[in-house]
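Engineer: no sequence for this one, just the structure:
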Ligand SMILES: CC(C)(COP(=O)(O)OP(=O)(O)OC[C@H]1O[C@@H](n2cnc3c(N)ncnc32)[C@H](O)[C@@H]1OP(=O)(O)O)[C@@H](O)C(=O)NCCC(=O)NCCS
């Protein structure tokens, strides 16, 4: 895999992140203002992934130990399937572990096959659902990683 840098997201990253956001979350993308608001909250922890300085993915969490939630995770469509989502999720898990969170919770659309497969690969279990939350027959699945543990066999999603 090409060298991918993962680092904390800063306010000046918002335009590039927002461009990816609008291209991958076409139904209901976050606004620029929402990213500003997230970055201003001390409980939020956002990271970007970059290749040769170009942002190709981002992820963020809410951490207030013992609770932690995955707020969002996204990889530009031209860079999906290269292990970048896995790298970003690993970063969120490591950060939550360092903050002594007891578990990591997230919500995902029941029709998001790629994301659900990634979360399951990292050990997330489905704990509940909100039927028809996103659309008729598209539920919100609530998934949880507990106890927080990294799957050390994960190789970065190389294909
Ligand atoms: C979900 C997402 C972040 C995954 O990022 P990615 O960089 O493509 O994922 P990786 O290459 O790191 O793959 C990690 C694992 O995810 C799963 N996965 C990724 N793409 C998949 C696909 N198209 N089909 C099935 N499983 C897939 C696999 O388990 C994979 O591990 P493997 O390569 O060892 O098989 C990316 O698809 C994305 O940005 N989707 C649009 C935004 C989104 O849905 N975000 C999640 C909201 S809850």
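Structural biologist: Perfect, thanks for sending it. Values in this document were obtained by computation on a predicted structure and should not be read as measured data. Numbers count the residues shown, from 1 in each chain.
Engineer: quick one: buried residues of the lengthiest helix in the chain?
Structural biologist: Taking DSSP state H as the criterion, the chain has its longest helix at helix 84-98. Buried residues in helix 84-98, counted by 16 or more other CB atoms under 10 Å: 84-93, 95-96. Any C-beta I mention is one placed from the backbone N, CA and C, and that applies to glycine too.
Engineer: before we move on, what about stretch 3-11?
Structural biologist: 4, 6, 9.
Engineer: ok, the nearest residue to residue 85 once chain neighbours are set aside - contacts?
Structural biologist: Spatially, and ignoring its direct neighbours in sequence, residue 85 is nearest to residue 75 (4.9 Å; CB to CB, 6 or more residues apart in numbering). Applying CB atoms under 8 Å, 6 or more residues apart in numbering, we find residue 75 in contact with 20, 24, 49, 56-57, 84-85, 88.
Engineer: which ones, among those, also lie beside the ligand?
Structural biologist: Contacts with the ligand are made by 24, 84-85 out of those, judged by CB under 6 Å from any ligand atom.
Engineer: now tabulate those in TSV and tack on distance to residue 130.
Structural biologist: Shown next, in TSV, are those (distance: CB to CB, whole Å):
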residue	distance to residue 130
24	22
84	28
85	23
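Engineer: of those, which is the nearest to the ligand?
Structural biologist: residue 85 (2.1 Å; CB to the nearest ligand atom).
Engineer: would you mind listing what in this protein touches the ligand?
Structural biologist: 24, 73-75, 80-86, 108, 112-115, 117-118, 121, 157, 159.
Engineer: picking up where we left off before, and the helix or strand that the longest helix of the chain is followed by, what does it pack against?
Structural biologist: Remark: after helix 84-98, the chain's next helix or strand is strand 104-109, criterion DSSP states H and E. Strand 104-109 sits against strand 67-75, helix 84-98, helix 113-121, strand 138-145, with contacts defined as 3 or more CB pairs under 8 Å, 6 or more residues apart in numbering; DSSP states H and E.
Engineer: same thing but at 10 Å, please
Structural biologist: strand 54-64, strand 67-75, helix 84-98, helix 113-121, strand 125-135, strand 138-145 (3 or more CB pairs under 10 Å, 6 or more residues apart in numbering; DSSP states H and E).
Engineer: which residues does stretch 14-23 contact?
Structural biologist: Contact with stretch 14-23 is made by 9, 29-36, 38-39, 46, 48, 50, 54-58, 60, 72, 74-79, as judged by CB atoms under 10 Å, 6 or more residues apart in numbering.
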